[in-house]
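S.K.: heads up, no residue letters with this:
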């Protein structure tokens, strides 16, 4: 039974390291883009519009009203 719990405790560490690795890779990829102010504004616009899209889609799917 101890081996089972040792194995289960490995998954949170794996998840954290995987998530940090993904964020690090994306940041390294975006670093040259972030030096251009126009690209930063465009990136922020894309992120904001994506968030609004997901929010409105979930509200419509779940039948929530404002």
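M.R.: Looks like it came in fine. Not measured: the values here are computed from a predicted model.

S.K.: average pLDDT for the host helix or strand of residue 13?
M.R.: Element membership of residue 13 [criterion: DSSP states H and E] is helix 2-30. Helix 2-30 comes out with an average pLDDT of 90.

S.K.: centre of the chain to the next helix or strand after it, how far?
M.R.: Following helix 2-30 in sequence order, the next helix or strand is helix 37-62 (DSSP H and E). Centre-to-centre, helix 37-62 and its host chain are 13 Å apart (Cα atoms, centre = their mean, to the nearest Å).

S.K.: pull out the buried residues from helix 37-62.
M.R.: By neighbour count with 16 or more other Cβ atoms under 10 Å, helix 37-62 contains no buried residues. (Each C-beta comes from the backbone N, C-alpha and C, glycine too.)

S.K.: which helices and strands sit right next to it?
M.R.: Using 3 or more Cβ pairs under 8 Å, 6 or more residues apart in numbering; DSSP states H and E, no helix or strand is in contact with helix 37-62.

S.K.: the helix holding residue 13 to helix 37-62, inter-axis angle?
M.R.: Inter-element angle recorded for helix 2-30 and helix 37-62: 130 degrees (by axes from the mean of the first three to the mean of the last three Cα atoms, to 10 degrees).
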